[in-house]
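Chemist: What shape does this take:
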Amino acid sequence: MQTIEHETFARPTEVREFTHGRAEILAVGDSTVGRLVLEPGWRWSDDVKPIAGTDSCLAPHFQYHVQGRLGIRMDDGTEFVAGPGDVTSLPEGHDAWVVGDESVVVVDWFGATDWAKADAGRQAADAPA
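Modeler: I've put the predicted structure just below:
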């Protein structure tokens, strides 16, 4: 039977900081939810790739875009920009970057468990974007 839980990003379970941003992680029941805060100048291939140890982000994501614009390029060359109010479902194999001068805030319902976590990319897969 599921129990009631109430968590808040004001007190995340874990915060993973990296150049130009951070991942705020909440453990809620059997799930993990991440809020990614990405500053202008952030790019996965520059700021998280060294942590992940993979050529592109290998974590799939299911994300709600709260603020800012995020450029996304899949390994197959597909490219688009997601903005506030958008929902993206990304398979593994992508890069991402902040577009413009506004910070990006994304709530990641799937994919944040090991995102920007040291050695996570080497052990299984990595994440953001």
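
Chemist: show me where pLDDT drops low in the chain?
Modeler: For the chain, the stretches with pLDDT under 70 are 1, 119-129.

Chemist: Check whether the closest residue to D108 other than its chain neighbours sits in a helix, strand or coil.
Modeler: Spatial nearest neighbour of D108, excluding adjacent residues (C-beta to C-beta, 6 or more residues apart in numbering): G34 at 4.3 Å. For every residue, glycine as well, the C-beta is placed using N, CA and C. Put simply, G34 is strand when judged by DSSP: H, G, I helix; E, B strand; the rest coil.

Chemist: my read: G34 touches A112, true?
Modeler: Yes: counting by C-beta atoms under 8 Å, G34 does reach A112; the two are 2.6 Å apart.

Chemist: residues shared between the contacts of the two?
Modeler: The contact sets of G34 and A112 overlap at 23, 25 (C-beta atoms under 8 Å, 6 or more residues apart in numbering).

Chemist: Tell me which of the two has more neighbours.
Modeler: A112 (29 against 26; other C-beta atoms under 10 Å).

Chemist: and stretch 57-71, how far apart are its ends?
Modeler: Stretch 57-71 has an end-to-end distance of 14 Å (C-alpha to C-alpha, to the nearest Å).
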